[in-house]
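**Q** heads up, no residue letters with this:
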């Protein structure tokens, strides 16, 4: 803040003048509108909907368990050694997956949290005066210094921006110059994850494996997107994302069960192979779509400023993952 | 039923305006398709608003900005990331704007501000964008004195109404030059019965207006007595008090008034003003604040009168018969004379006057926009630190006395005009600055505040 101490308006000797430098503490404009508190309590889901979802989850876990046990039992029926081996293999896989997940979370936690910067960006976009955004730029630039690919855009922005721009203009310029590389990298990470999940779930024989693939790959995607932006979501947003990861895994497993039941039904008519293949492909597409949506939510959650010019679209991620519209993306 | 109620007038107006906007877009797109990508921009401002500097910097920036798109980043978004090439040409129907002379003066050693242009002039810019070869944009830039714009007000008033308003402004409480005004009125009363006294009285009125202009007043009419136009002084009128109505002198002045409107104001309106597509109005709010309460009120009134002359286009084809202006950009100039922390307040000081008035619709539809600008940035922004106190300050070379670098801690700009009793006792403290060293900028845009933003506000939608 300006200290309205003994300094009165007037002409002075320039000896006491301190020129403004980038990322220096800046006085906030005197008259600022109070930021509106946009907190709206989430509606409680209806009791029976909750109960239904809980039971559904229990069904899926039980089915996956039975399926796993069935696979182990089938192996044991051939030979007890094979049974022990396949059981140990399954448990080792799940253990390794858990360790992987722990590693991803630990790595994610090393990235700086973004909420404070997002709130500040929203405030600046609503009513920021000239120069008011400089502490924000300083903080973001410090974090992005270690982010691969961010350097040239940041340098371009710093060469173009002057302290005379109002904060919304400066943020728009920042988005135009410094963000495209990061957005592209994040979108590519989301596309890769969507593709992996689609292929993985289409190929995996077990419901339990589907869920594990989707959960772990989504976790890795969140860490990659956070790495692209140099920031990670924290607090409630992070919890919401994790919840969505689990919901996706459960959803994909549910879709898989449904697909198998459908295939059985069609199989009863003598087209078991065709039914299975089409159900698998359907589950794969479903998983890819869910992960793409989650990826875009992650981009929103990790980006230090909201999308101003163009929001990312699920259709673009999916198209990118499936190899469509390559030409457009390069343009 | 709620859904079937008839639309309100406001909704109809909005719908018509939306349709008008769409039709305008289609009109522009059609013109572009026919290769007629042509826009005529008026730049005006009352004396002292920095019109010559603004026009020079704007043309210079468009001329050389294509090679340095990073120097005008907010404009390059509209003109294309790969830059553009520009050529400057004469306009056939107007005297040329002395661009070369002004740029030479600014980039000279020591640099000097351009001398004010006190006449109608213009030039044409052809912009070719590198990412869209073959698609050329033509901008005609017309620079005319704001005083002439104020004369358009005369078209809506008869002589008696105009006299009363003009004399009320000159004799307002706290206005400078009150004695000179009283002396002139006494002279008019003495000459009362004699119609032959009119030319002498008008000449004296011109001198009076010049004195008022020197004291900072800006809402002065007839404008051609303040900024002369060839042949106009011959029948320029002077206002007379209502008490003199019925006399021969009053009748002679009323006749001059009618002739002035017909032979000076209307031809200008038809030949130049009505052909403009977009308009920039420059306003020196900081200078007006520094000059005191009466001058600020007068200058703000002049700005309001100037903006009242624009009829904001609603339905383009119909309104082409009247005036084509579809966007007016009001810029508070010399923003570099205060610290960057004051820009929001400076913008609010100018824009706040029009919010919630009859202009609110035009503001909502972005036909009337406001911003702050410094076409050439003469100061550096920073702080004054002394002991443990700190306050935002600027540093630059003063205009008077020249070549002395000083630090200015400017007064805080109020977000709305202060009430009489809240006006600071010592007045607002601001200073005039000399141009910075621009010797390296002969072929690249001058350092500025928000000039690219202003151009984007003015032209961005049309250029994209």
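**A** Here it is on my side, so go on. Since we're looking at a predicted model, the values are computed, not measured.
**Q** what about residue B:40, which helix or strand?
**A** Using DSSP states H and E, residue B:40 falls within strand B:38-45.
**Q** Next, the angle from the helix or strand following that strand to strand B:38-45.
**A** Later in the chain than strand B:38-45, the nearest helix or strand by DSSP H and E is helix B:51-64. Inter-element angle recorded for helix B:51-64 and strand B:38-45: 150 degrees (by axes from the mean of the first three to the mean of the last three Cα atoms, to 10 degrees).
**Q** distance between the very next helix or strand once past helix B:51-64 and the chain's centre?
**A** Next helix or strand after helix B:51-64 toward the C-terminus (DSSP H and E): helix B:73-79. In this view, helix B:73-79 has its centroid 24 Å away from the chain centroid, taken as Cα atoms, centre = their mean, to the nearest Å.
**Q** Report the buried residues of helix B:73-79.
**A** Buried residues in helix B:73-79, counted by 16 or more other Cβ atoms under 10 Å in any protein chain shown: B:73, B:74, B:75, B:76, B:77, B:78, B:79. Backbone N, C-alpha and C define where each C-beta goes, glycine included.
**Q** pLDDT averaged over whatever helix or strand comes next after that helix, what's the number?
**A** Where DSSP H and E defines the elements, the next helix or strand beyond helix B:73-79 is strand B:84-89. Strand B:84-89 comes out with an average pLDDT of 90.
**Q** Report the distance from strand B:84-89 to the chain centre.
**A** Centre to centre, stretch against its chain (Cα atoms, centre = their mean), the figure for strand B:84-89 is 25 Å.
**Q** Check stretch A:54-74 too.
**A** Worked out by Cα atoms, centre = their mean, stretch A:54-74 lies 29 Å from the chain centre.
**Q** Mean confidence (pLDDT) on it, please.
**A** The average pLDDT within stretch A:54-74 is 84.
**Q** Residues contacting that stretch, please?
**A** With contact meaning Cβ atoms under 8 Å, 6 or more residues apart in numbering or on different chains, stretch A:54-74 is reached by A:83, A:86, A:87, A:90, A:206, A:207, A:208, A:211, A:250, A:253, A:254, A:257.
**Q** so what's the second one up against?
**A** Contact analysis of residue A:86 by Cβ under 8 Å, 6+ apart lists A:71, A:72, A:75, A:76.
**Q** Tell me the spacing between it and residue A:70.
**A** As defined by Cβ to Cβ, to the nearest Å, residue A:86 lies at a distance of 11 Å from residue A:70.
**Q** do the fourth one as well
**A** Distance from residue A:90 to residue A:70, counting by Cβ to Cβ: 12 Å.
**Q** Pick out whichever of the two has more residues nearby.
**A** residue A:90 (18 against 11; other Cβ atoms under 10 Å in any protein chain shown).
**Q** ok but that one is inside a helix, no?
**A** Yes - counting by DSSP: H, G, I helix; E, B strand; the rest coil, residue A:90 falls inside a helix.
**Q** Is residue B:328 part of a helix or strand, or is it coil?
**A** strand.
**Q** scratch that, residue A:11
**A** strand.
**Q** Could I get the phi/psi values of the closest residue to it other than its chain neighbours?
**A** Nearest residue to residue A:11, sequence neighbours excluded (Cβ to Cβ, 6 or more residues apart in numbering or on different chains): residue B:406, at 5.0 Å. As for residue B:406, its main-chain torsions (degrees, to the nearest 10) stand at phi -140, psi 160.
**Q** And the residue of the stretch 51-200 of chain B closest to chain A?
**A** residue B:73 (4.0 Å; Cβ to the nearest Cβ).
**Q** From the chain's centroid, how far away is stretch A:247-265?
**A** A distance of 24 Å separates the centroid of the chain from that of stretch A:247-265, by Cα atoms, centre = their mean.
**Q** For that stretch, list every residue counted as buried.
**A** In stretch A:247-265, counting by 16+ other Cβ under 10 Å, buried: A:248-257, A:259-260, A:263.
**Q** ok, so of those residues, who is nearest residue A:316?
**A** The closest of those to residue A:316 turns out to be residue A:248 (Cβ to Cβ; 19.5 Å).
**Q** Give the ranges of residues in the stretch 1-150 of chain A that sit below the confidence cut-off.
**A** A:1-5, A:21-45 (pLDDT under 70).
**Q** the strands in it, which residues?
**A** Here the stretch 1-150 of chain A has its strands, by DSSP state E, counting those that start in this stretch, at A:10-12, A:17-19, A:112-113.
**Q** Is chain B within reach of the second one?
**A** Spelled out, it's strand A:17-19. Yes - part of strand A:17-19 sits near chain B under the criterion Cβ under 8 Å from any Cβ of the partner chain, namely A:17, A:18, A:19.
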